[in-house]
Structure formats: C-alpha cells, structure tokens
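Asks: Next comes the sequence, and after it the predicted model I'd like to discuss.
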Amino acid sequence: MMITAEPGFNIQPFLENDKVILCPLRQDDFDELYEVASDPFIWEQHPNKNRWQLEVFKTFFTGAMQSKGAFKVVDKATGKTAGCTRIYDYNEEKCLILIGYTFLGRAFWGTGLNLSAKRLMLDYLFQFVSKVHFHIGAENTRSQLAIGRLGAQKVGEAEVAYYGEPVKLNYVYEIEKEDWRKTKFK
C-alpha cells in the first residue's frame, strides 16, 4: 500500500495498492466519471436512482467536489476510471468518520476492486480514527452484502440528506479499529 498525504490526518490523500488507485477527485474528472455513471443499472439499488441522468449527476458531482473527501477510483491493471467513493463527516470527538457515496461501473463488479478500495481506505483511516461508519441505502442489498464481507455490522438506520437530493433511508454499518485488525488478517 502506498499512501501519500500531508503530515497528520487528511481525508483526501492519494491512496494506492496493487489493485486500485484512489485519486483525489478533480473538476476535470467529470466527463470520465459521468461516462461510467450514465448507466441506469448502476443506480438501480442506490437511494437516488436517477443519478444516471446528466443534470442529477452534476448535482452529485458538485457535492462530491465540495466534500473535499471524494476520490476517483481507478483500476490499476487497466488505468480505467471505475467509479467514485468518498470519505466524509469526520467527528473528532467520537473518533469516527464515514465512507460512502460509492459507485462502480458494472465492468468492475465482482472483480474485487471495491473490496480492495475499501481495505485501502480502512487501513489508512484506522491510523487516525477508532470507528468507521458506512451509509448504505436501505434497498441496496449488493452493497450491504459487500460491506458485510469486510466485517461491518449494521448498527442503525438514518435519514440521510444527500447534497441537492431528497432525504433517503440508509442503513448505518460500522467497523471498529480492533475488529478490523482481527478481520483483515483472516
């Protein structure tokens, strides 16, 4: 794993391992990312199912840029843009942060790319926090199963207000640092 970051905690570092590169999202990534996001099937189980539409995706992308914690996900083997993910809502008092807003193009489903990206993010984040939460749409069974493979447990439900989009029910999953250390080496 390669981590390039400023000294201290940075929620948008450059992260890389043998399978995936997480690059801080830039404005000029829009066209490449929308090319992936324009597939309606990707959004079928997401809370906001119309993000494949250009105007709706523009709002999603604006929120990602404003978060200052969004990443373009790149498949290291091909160099192709696979999707996007985000680190957000750092709570220093609770030593907690969230990962979410993740989507990948269908060509990358089942390849281990999402799992690899999440492992990379968790390895980085657990240098600074003791808990990581994930917001996952209540209807998004694909993502719920995937996050369970990492050892995350459902700990609650929350109405989440997405930037410029309606509030939607999400399940909250959690991984604690000590559990991650145990799970990661199984």
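Replies: Thanks, I have it.
Asks: among the helices and strands of the chain, which has the poorest mean pLDDT?
Replies: In the chain, no helix or strand scores lower on mean pLDDT, DSSP states H and E than strand 2-4, which sits at a mean of 43.
Asks: Would you tell me what the next helix or strand after that one is?
Replies: Per DSSP states H and E, the first helix or strand lying C-terminal to strand 2-4 is strand 14-16.
Asks: what packs against that following strand?
Replies: For strand 14-16, the elements it packs on are strand 2-4, strand 20-24, helix 113-125, judged by 3 or more Cβ pairs under 8 Å, 6 or more residues apart in numbering; DSSP states H and E. (Each C-beta comes from the backbone N, C-alpha and C, glycine too.)
Asks: And the helices in the protein?
Replies: Assigned by DSSP state H, the chain shows helices spanning 30-37, 54-67, 113-125, 141-149, 177-184.
Asks: can you tell me which of these comes nearest to residue 165?
Replies: Closest to residue 165 of those is helix 54-67 (Cβ to Cβ; 6.6 Å).
Asks: Name the residues of that closest one that come out as buried.
Replies: Buried residues in helix 54-67, defined by neighbour count with 16 or more other Cβ atoms under 10 Å: 56, 57, 59, 60, 61, 63, 64, 67.
Asks: show me what contacts the second one?
Replies: Okay, so that is residue 57. Residues in contact with residue 57 (Cβ atoms under 8 Å, 6 or more residues apart in numbering) are 34, 37, 38, 51.
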